[in-house]
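> from the sequence below, what's the structure:
(chains A, B and C)
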Amino acid sequence: MNYWLFKTEPSECSIDDFAHNPTQAIVWEGVRNYQARNYLRDDVAIGDQVLIYHSSCKLIGVAGIAEVVRAAYADPSQFDSRSVYYDAKSIAAQPRWVAVDLRFVSKLPAVITLDKIKSSAKMAELPLVQKGSRLSVMPVTAQQWRDLLALQ
DNA sequence: GCCAACGTTGGC
DNA sequence: GCCAACGTTGGC
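This is a model prediction of the structure:
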């Protein structure tokens, strides 16, 4: 079982969307970066635990936890010409992008802010806080997972 | 809204 | 395969 951090803009999909549909599988689509795609495709597995991170918003940071309930499959949005995630260059026989499904686990009582994460020496190796890192899907070690949630 | 940093594209 | 131009990310 692996640990991950997934970024999302809460205006698109927030921890509250999970919390309001706690038994429903949420399609995690729209990842359009190859390194993030490779993690999704090759390493994200059913049962993995995911930190849901809110970016580009008022309160930036880790807002909750979700669990992977379906491993990688062709991201349907890449073939939908009305979607903002549409990719005209992706062909059905060889889909370029993948999605996974997540399900709600918990909402943290308070967001663990990026500020707090940055100020923790134990988080120095987390890709999130490394200069210039823009990965939207990143691995988290078991130790980092524990240490990060202990920042609450 | 700004802009630094990074990724992608496409001409050569 | 290089690299300039352009697009995107995401904190501030």
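> pLDDT weak spots in chain A?
Scanning chain A for pLDDT under 70 picks out nothing.
> list the contacts of the closest residue to DNA strand B within it.
Nearest residue of chain A to DNA strand B, counting by C-beta to the nearest atom of the strand: residue A:132, 2.1 Å away. All C-beta atoms are positioned from the backbone trio N, CA, C, and that covers glycine. With C-beta atoms under 8 Å, 6 or more residues apart in numbering as the criterion, no residue contacts residue A:132.
> quick one, phi/psi of it?
phi 80, psi 0 (degrees, to the nearest 10).
> and if you look at the one 10 residues further on?
When read as degrees, to the nearest 10, the backbone of residue A:142 gives phi -60, psi -40.
> contacting residues around the closest residue to it other than its chain neighbours?
Take residue A:142 and drop its neighbours on the chain: the residue closest to it by C-beta to C-beta, 6 or more residues apart in numbering is residue A:3, 6.3 Å away. Residue A:3 makes contact with A:48, A:49, A:50, A:51, A:139, A:140, A:141, A:142, A:144, A:145, according to C-beta under 8 Å, 6+ apart.
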